[in-house]
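In: I'd like to go over a predicted model; first the sequence, then the structure.
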Amino acid sequence: MLRNMSRVVAGFSFVIAAGLAYAAPILIVDVNGKLTSARNVDVGGIVYDVDFRDGTCVGLFSGCDNPATDFAFTTQADATAASATLLSLVLIDGPQGLFDSAPQNLQGCNQSLCLILTPYTLSQIGPNAIDAAVVLNFPAIRQF
């Protein structure tokens with residue numbers, strides 16, 4: 001759990017997509033080879049579209065002032081499950097791209113480190129501080 005994060009590195013948002021997941025996620029890569037989003041990501045039977053973005057909590061999550069409406073997940077368990085799904089289905093190197101061994105291929109990341117946050121509530125320690133599940137997407141360190 002991370003606290004007091006006013007800047008979200010490679011933040012992403014989950015948007016509920018209609019329907020059920022019948023296939024692997026569809027990865028969207030820009031002309032520079034960077035993964036910008038993933039469509040049809042099944043987290044616990046609900047399908048989400050994920051956009052990888054870099055910015056502040058306020059800028060990325062509708063003001064970052066109401067977890068019930070700003071964040072797709074509102075519990076640590078759900079945010080951790082979403083992060084684990086991203087790591088296993090989207091980020092680990094596979095036929096659709098090298099997003100684990102080459103984290104610079106992920107929107108908002110650089111060659112040495114990629115920190116992806118799934119916020120689930122506002123922290124009590126200060127304004128714009130969040131509690132979030134964290135994915136470290138780096139070849140030597142894969143954890144959530």
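Out: Good, I have the coordinates. Numbering: from 1, shown residues only.

In: how deep is residue 57 tucked in, by neighbour count?
Out: When neighbours are counted by other C-beta atoms under 10 Å, residue 57 registers 25. C-beta: built from backbone N, CA, C; applies to glycine.

In: And residue 120, by the same measure?
Out: With other C-beta under 10 Å as criterion, residue 120 counts 22.

In: Same check on the one 3 residues further on?
Out: By the measure other C-beta under 10 Å, the count of residues near residue 123 is 17.

In: Please report how far the closest residue to residue 87 other than its chain neighbours lies from residue 85.
Out: Using C-beta to C-beta, 6 or more residues apart in numbering and skipping residues adjacent in sequence, the residue nearest residue 87 is residue 135, 5.3 Å away. Distance, residue 135 to residue 85, by C-beta to C-beta, to the nearest Å: 10 Å.

In: Have a look at the two and say which one is more surrounded.
Out: Ranked by neighbour count (other C-beta under 10 Å), residue 135 and residue 85 place residue 135 first, with 25 against 22.

In: State the next helix or strand along the chain beyond the helix ranked longest in the chain.
Out: Longest helix of the chain, by residue count under DSSP state H: helix 76-85. Where DSSP states H and E defines the elements, the next helix or strand beyond helix 76-85 is strand 115-122.

In: Each with direction, which strands does that following strand pair with?
Out: Applying DSSP bridges to the sheet, strand 115-122 is found paired with strand 130-138 (antiparallel).

In: coming back round to it: just checking, the residue nearest to residue 87 touches residue 86?
Out: Yes - the pair residue 135 and residue 86 passes the contact test of C-beta atoms under 8 Å, sitting 6.1 Å apart.
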